[in-house]
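1. Requesting a structural model of the entry that follows:
(one chain, ligands or ions: 1)
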Amino acid sequence: MVQILIDVHCHINLYLTIDKIIKNARDVGVEKIVAVAMSFISQERVLEIARQHKEVYASLGIHPEEVKMNEKIEQQLDSIIRLIRKNKNNVCAIGEIGLDHYFIKDKELYPLQKTIFEKMLLLAQELELPVNLHTKGAEKTVFDTLPSYSIPNINIHWYSGPEKFLNLGIDRGYFFSITPAISYSPAVKKVALNVDKEHLLLESDGPVKYSGSVGVPAMVKNVLNSISKIKEINSHDLERQIEQNTRKIFPSIF
Ligand SMILES: [Zn+2]
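-> So this is what the prediction gives:
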């Protein structure tokens, strides 16, 4: 059986050269890319890119930083929910959603952020879809909120918060996706080390920059190799395991 790598979290709509990004990914074995929407306009764009490229799968949702970026987000919320419902058969997950109390310092925005997050979780529950979560600086609230919803599977993206909640997430069986920041970030290394191999996933979070270079899906190959070293697991075996993990959480992309 041919093994493949999957990038489970990429903002593919933000690249100018999508064909080249996909080709470079495939050249190193990255055959599937989950494209996560963030904003009002990116929902349709992500669906369109997924329609045009067989390697790309749409994950729709509202990013927690939208409360700062887009003053109309509250009014647009219902139409985004309608759009996701309408396209439910072409959506593999709800995300990128969550809370952010690190980049968003203005506490007056937190209630709206939470309202949006809870509506997104309710939608994931209704559509029986997994979620792709951002938790930066708001780990406690996110982890306190999740048990109230019945969601098939949870992907915590680029976790860098307190060890206490990392351990809680591990106990609850959440999946953790590891970014190229594993090459320099002690927090990311710790996640890769502590999470069992059955709950690890790979992501680029591109086009976020890593040490000055633009993040791209092809980089998840190096992420795999870094995890393999840290956990002292043969990279071929780890690749097979991570592919199985990805099948479990995002069954509709296979
Ligand atoms: Zn992201």
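2. Report the contact partners of residue 192.
-> 178, 182, 200, 226-227, 230-231 (CB atoms under 8 Å, 6 or more residues apart in numbering). To be clear about C-beta, it is placed using only N, CA and C from the backbone, and glycine gets the same treatment.
3. now that we have those, which one has the most neighbours?
-> Most neighbours among the contacts of residue 192, by other CB atoms under 10 Å: residue 178, with 27 neighbours.
4. Residues in a beta bridge with that residue, which ones?
-> For residue 178, the beta-bridge partners are residue 202 (DSSP bridges).
5. That one contacts residue 205, correct?
-> No. In this structure, residue 178 is not within contact of residue 205 by CB atoms under 8 Å, at 10.2 Å.
6. Close to the ion: what parts of the stretch 51-200 of the chain are there?
-> Contacts of the stretch 51-200 of the chain with the ion, taken as CB under 5 Å from the ion, map to residue 96.
7. Show me the residue of the stretch 51-200 of the chain that gets nearest to the ion, please.
-> residue 96 (4.9 Å; CB to the ion).
8. how about that residue, secondary structure?
-> strand (DSSP: H, G, I helix; E, B strand; the rest coil).
9. wait, it sits on residue 34?
-> No. Using CB under 8 Å, residue 96 is not in contact with residue 34; the gap is 10.0 Å.
10. Can you work out which residues contact both of these two?
-> 9, 59, 132.
11. Just among those residues, which is most surrounded?
-> residue 132 leads the shared contacts of residue 96 and residue 34 on contacts (other CB under 10 Å) with 31 neighbours.
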